[in-house]
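>>> Pasted the sequence and its predicted model underneath.
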Amino acid sequence: MKRISILGSTGSIGTQTLDIVRLNDDVKVEALTAHKNIDLLEKQIREFHPRVAAIWEESDAKLLFERIKDTDTKVYFGMDGLIEAATVKESDIVVTAVVGMIGIEPTVAAINAGKDIALANKETLVCAGHIIMPLAKKTGINIYPVDSEHSAIFQCLDRHNPIKKILLTASGGPFRGYTKEDLQKVTLEDALKHPNWSMGKKITIDSATMVNKGLEIIEASHLFNVDIDDIEVVIQKESIIHSMVEFKDNGIIAQLGTPDMRLPISYALFYPERRYISDDRVDFASLATLNFSKPDLDVFEGLKLAMLAGKRGGSAPTVLNAANEWAVAKFLKKKIRFTDIPYLIGKALDAHEFTKNPSISDILSLKKWTEEYLERIKI
Ligand SMILES: NC(=O)C1=CN([C@@H]2O[C@H](COP(=O)(O)OP(=O)(O)OC[C@H]3O[C@@H](n4cnc5c(N)ncnc54)[C@H](OP(=O)(O)O)[C@@H]3O)[C@@H](O)[C@H]2O)C=CC1
Ligand SMILES: CC(=O)[C@@H](O)[C@H](O)COP(=O)(O)O
Ligand SMILES: [Mn+2]
């Protein structure tokens, strides 16, 4: 029996993880968490009977407790609740499916508790990868990538041959081929229309700005111990090739599949076993062609800034990520324009006091500094 905890079970990755649980009778859910979606969390508790459930607000936790007191599920709240869910004694693996760097502390707690990590929450690795990866090695736990590109790279690894280059594929998002002037006019509705994937709102905006690909470069660098300069972004318009690994002989191994996150989720949960998911498969005949191009860094400045921050390392990726989270949240509330997102990221990166090797508490302070700095900027 595989015992799993899902941090962020009510989101896109979290609910698809539960789809995979439904397909397999040897998986037990030990913990589920949500931020505000109490109705869906209650439904999930009644279906999967976890030991632990956590929701962010104490008032919601009290409400949830009343609603499910006929069950054996214990209810927690806040960061303590996330950490309780991340460290449930009976769990073997924690699926980190929360969005944002809020995932840092529960991920560290899970690793210290000896849990394997099925990692979707890329922001945690972007900010604290220099702490997380050595900690995972020291504790002997495994980190299995869920992010589709990183799962693809993981599936292409060859234990006899080191990686020469990672070819990180990108769809290019809804604004692929746009000019700078075009981006000045795009709306929130336009940005939420990803051409190939159905995802949570934050990552969907990140795909539109291509900051997502920048975060993924940093994520891949940590996961596979590859220099940023050896990670090349290739736009693959249809999102059928999920990434590729190039070796010393210039041979390239790629992983292909339909744009369906259930495959990387299932692979992370049951590695090295591949299990049945659905009858959907790539139909090459009707696909006919796969299209490739290079990203335009002059247009997608957020990607350029992310690459520079990744190269710089230290505190830069944290400020990049914190500024991006702050700006995307404002854009989702229609408080700023689409092109303000890279502008604000650049301002925060330029203004922050660089540190080489931030601790977890430094990272949390940097997040606070970034938010306070951006609040003061008039746009
Ligand atoms: N969706 C996808 O296909 C992919 C996602 N990822 C990564 O996976 C992670 C999750 O993404 P996705 O599933 O799209 O996100 P969603 O926004 O769909 O879900 C986020 C989950 O985290 C919870 N949550 C949000 N904010 C907080 C908070 N401050 N504290 C505690 N819980 C919180 C949400 O609860 P509630 O529902 O109550 O709001 C929800 O359960 C992200 O890091 C993303 O980059 C990577 C590759 C693909
Ligand atoms: C499904 C997944 O892994 C997302 O990160 C997706 O790849 C985003 O698409 P872009 O390639 O457009 O950033
Ligand atoms: Mn991805």
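Okay, I see it. This is a predicted model, so every value here is computed, not measured. Ligands and ions are numbered 1, 2, ... in the order given.

>>> What score does K378 have for pLDDT?
If you check K378, the pLDDT there is 89.

>>> Let me know how buried Y276 is, in neighbour terms.
A count of neighbours around Y276, defined by other CB atoms under 10 Å, yields 8. Bear in mind the C-beta positions are built from the backbone N, C-alpha and C, glycine included.

>>> Run through the helices of the stretch 251-379 of the chain in chain order.
For the stretch 251-379 of the chain, the helices defined by DSSP state H, counting those that start in this stretch occupy 262-270, 284-287, 301-312, 316-332, 340-351, 360-375.

>>> of all of the protein, which residue lies closest to ligand 1?
G11 (1.8 Å; CB to the nearest ligand atom).

>>> picking up where we left off before, quick one: which of the helices of the stretch 251-379 of the chain is nearest ligand 2?
Closest among those, using CB to the nearest ligand atom: helix 262-270, at 7.4 Å.

>>> Spell out whether that closest one and ligand 3 are in contact.
No. Using CB under 5 Å from the ion, helix 262-270 stays clear of ligand 3, coming no nearer than 8.8 Å.

>>> wait, isn't I277 in contact with Y267?
No. Taking contacts as CB atoms under 8 Å, I277 lies outside contact range of Y267: 9.6 Å.

>>> Buried deepest among the helices of the stretch 251-379 of the chain, which one?
Among the helices of the stretch 251-379 of the chain, helix 316-332 has the highest mean neighbour count (mean count of other CB atoms under 10 Å), at a mean of 25.

>>> Now H242. Its backbone dihedrals?
phi -90, psi 0 (degrees, to the nearest 10).

>>> That one contacts S151, correct?
Yes. Using CB under 8 Å, H242 and S151 qualify as a contacting pair, with a distance of 7.1 Å.

>>> Most distant residue from the centre of this structure?
D70 (34.6 Å; CA atoms, centre = their mean).

>>> Distance of that residue relative to ligand 2?
Distance of D70 to ligand 2, computed by CB to the nearest ligand atom, to the nearest Å: 38 Å.

>>> How about the secondary structure of that residue?
Assigned state for D70: coil (three-state reduction, DSSP: H, G, I helix; E, B strand; the rest coil).

>>> And for the one 5 residues further on?
Remark: V75 carries the secondary structure label strand [criterion: three-state DSSP].

>>> swap in A208?
Going by three-state DSSP: A208 is helix.

>>> Please list the residues of this structure that sit near ligand 2.
Counting by CB under 6 Å from any ligand atom, the chain comes close to ligand 2 at 147-149, 170-171, 173, 197, 203, 207, 212-213, 261.

>>> and these near ligand 3, which?
Within these, those near ligand 3 by CB under 5 Å from the ion are 147-149.

>>> residues in contact with the closest residue to ligand 2 within the stretch 1-150 of the chain?
At 3.3 Å from ligand 2, S148 is the closest residue in the stretch 1-150 of the chain, using CB to the nearest ligand atom. Shown in contact with S148 (CB atoms under 8 Å, 6 or more residues apart in numbering): 242-243, 259, 261, 263-264.

>>> where along the stretch 151-300 of the chain do the strands fall?
Secondary structure of the stretch 151-300 of the chain, counting by DSSP state E, counting those that start in this stretch: strands at 165-170, 231-236, 241-246, 252-256, 292-293.

>>> Switch those strands over to JSON lines; also include mean pLDDT and mean neighbour count.
Shown next, in JSON lines, are these (pLDDT from 0 to 100; neighbours: other CB atoms under 10 Å):
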{"stretch": "strand 165-170", "mean pLDDT": "98", "mean neighbour count": "23"}
{"stretch": "strand 231-236", "mean pLDDT": "98", "mean neighbour count": "20"}
{"stretch": "strand 241-246", "mean pLDDT": "98", "mean neighbour count": "23"}
{"stretch": "strand 252-256", "mean pLDDT": "98", "mean neighbour count": "17"}
{"stretch": "strand 292-293", "mean pLDDT": "98", "mean neighbour count": "13"}
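
>>> What parts of the protein come near ligand 3?
Counting by CB under 5 Å from the ion, the chain sits next to ligand 3 at 147-149.

>>> among the contacts of S148, which are in reach of ligand 1?
M261.

>>> ok, which pair from the contacts of S148 is furthest apart?
S243 and M261 (14.2 Å; CB to CB).

>>> burial measure for D92, as a count.
Count around D92 with other CB under 10 Å applied: 16.

>>> If we ignore the residues flanking it in sequence, what's nearest it?
Counting by CB to CB, 6 or more residues apart in numbering, R3 is the residue found nearest to D92 once chain neighbours are left out, at 5.0 Å.

>>> Fine, thanks again, bye for now.
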